[in-house]
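Peer 1: Sequence and predicted structure are below.
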Amino acid sequence: MSNNPLAEVFGFPSNSFSQEANRYRRDRLCPYNNKVANCTKDKANNPLGVCSIYHKKAPVITCPVRFRQDWLIAENAADFFFGKNQQWTILTEVRLKDANNQSAGNIDLVLVAYDRRGKIIDFGAVEVQSVYISGNIRQPFEVYMNQPENWENIKESQLTPYYPTPDYLSSSRKRLIPQLLYKGTILHEWGKKQVIAVQKAFFETLPSLVRVSRDRADLAWNLYDLQKQNDRFQLVLTDVVYTEYWAAINRISTPEIGHSENFIESLQKKLDSHLQN
């Protein structure tokens, strides 16, 4: 791995130079059920084909499409929504509107259960949250794509100004919480179950949530990881955390209150500096 921040590029480990890996990189293909055959991340004509990056020697998923490997996230969500032996299918990027016909956003996946005549009898929503990146991922990616097999010879000092790291805080505050509040509240009021698909390392950065039994749960947090198997990373469900909707939302969106004295002390320092100048 050395200093390489790129764990997977166009679906394959960055240190894989098999014929198949080279073909996916050459044609900029996505093997994980994107809406088209090619990767479309960031720019359709020059996609940023990074699926995951290394952080503390473990791969961290940075592209939401990466969670679609073999549609495992849909299969696991369907079990929570409908139980066993129910016919269902996947609808992607479904627009949700509020009572004023204003958009509340797109739902990543909606799983619909239907009868023999094709009539919908139930549905549930899946929200997928990958991790934002702090730093520059485009620059290391371009350097890598110019000469993938020469990557190991690049000095770490050349990457330091651009070195990317996962930004868990922004991923939860700027993305996950608004998604849950706007879309999730409508779905909850409709009495529909929801699944949040995230990587386990991301979930562990959230405040501790009160768990409930599966039959009491409104939300299922399906926690995944990437595990190396046969020179490829495989998406694996490692845990499921069941919670009630509002208990989880309130816990995540409410900050832990510190001491006001600390804030006043910082104000005093700013005031002193201001008066001295």
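Peer 2: Sure thing, it's come through.

Peer 1: Any stretches of the stretch 151-277 of the chain with poor pLDDT?
Peer 2: Scanning the stretch 151-277 of the chain for pLDDT under 70 picks out 156-160.

Peer 1: Show me where it has its strands.
Peer 2: Assigned by DSSP state E, counting those that start in this stretch, the strands in the stretch 151-277 of the chain fall at 165-167, 194-199, 219-229, 232-243.

Peer 1: According to the record, where do the domains of this structure fall?
Peer 2: Following the assignment in the TED database, the chain carries domains at 1-67+133-166, 70-131+167-260.

Peer 1: closest one to residue 274 among the ones you listed?
Peer 2: With Cβ to Cβ as the criterion, residue 274 lies closest to domain 70-131+167-260 of the domains of the chain, at 20.4 Å. For every residue, glycine as well, the C-beta is placed using N, CA and C.

Peer 1: so what's residue 242 up against?
Peer 2: Listed by Cβ atoms under 8 Å, 6 or more residues apart in numbering, the contact set of residue 242 reads 211, 212, 213, 214, 216, 217, 219, 220, 221.

Peer 1: what's the closest non-adjacent residue to it?
Peer 2: Spatial nearest neighbour of residue 242, excluding adjacent residues (Cβ to Cβ, 6 or more residues apart in numbering): residue 217 at 3.5 Å.

Peer 1: And the one you found, how close does it get to residue 16?
Peer 2: Per Cβ to Cβ, to the nearest Å, residue 217 is found 39 Å from residue 16.

Peer 1: Next: residue 190.
Peer 2: In terms of Cβ to Cβ, residue 190 sits 44 Å off from residue 16.

Peer 1: For the two, work out which one has more neighbours and name it.
Peer 2: Legend: neighbour count by other Cβ atoms under 10 Å for residue 190 and residue 16, higher for residue 16 (18 against 9).

Peer 1: ok, that one touching residue 228?
Peer 2: No: when contacts are counted by Cβ atoms under 8 Å, residue 16 is not listed as touching residue 228 (10.7 Å).

Peer 1: looking at the strands of the stretch 151-277 of the chain, which is buried most?
Peer 2: strand 194-199 (a mean of 25; mean count of other Cβ atoms under 10 Å).

Peer 1: From the contact counts, what lies against it?
Peer 2: helix 72-82, strand 120-128, strand 219-229 (3 or more Cβ pairs under 8 Å, 6 or more residues apart in numbering; DSSP states H and E).

Peer 1: Relative to that strand, what are the paired strands and their orientations?
Peer 2: Looking at strand 194-199 with DSSP bridges, its partner strands are strand 120-128 (parallel), strand 219-229 (parallel).

Peer 1: next one: it to chain centre, how far?
Peer 2: 8 Å (Cα atoms, centre = their mean, to the nearest Å).

Peer 1: Tell me what angle it forms with helix 72-82.
Peer 2: Counting by axes from the mean of the first three to the mean of the last three Cα atoms, to 10 degrees, strand 194-199 points 150 degrees away from the direction of helix 72-82.

Peer 1: show me where pLDDT drops low in the stretch 1-150 of the chain?
Peer 2: The stretch 1-150 of the chain contains residues with pLDDT under 70 at 1-2.

Peer 1: Please enumerate the helices of it.
Peer 2: 19-27, 72-82, 138-146 (DSSP state H, counting those that start in this stretch).

Peer 1: Which strands and helices lie in contact with the longest one?
Peer 2: In this case it means helix 72-82. strand 88-97, strand 103-114, strand 120-128, strand 194-199, strand 219-229, strand 232-243.
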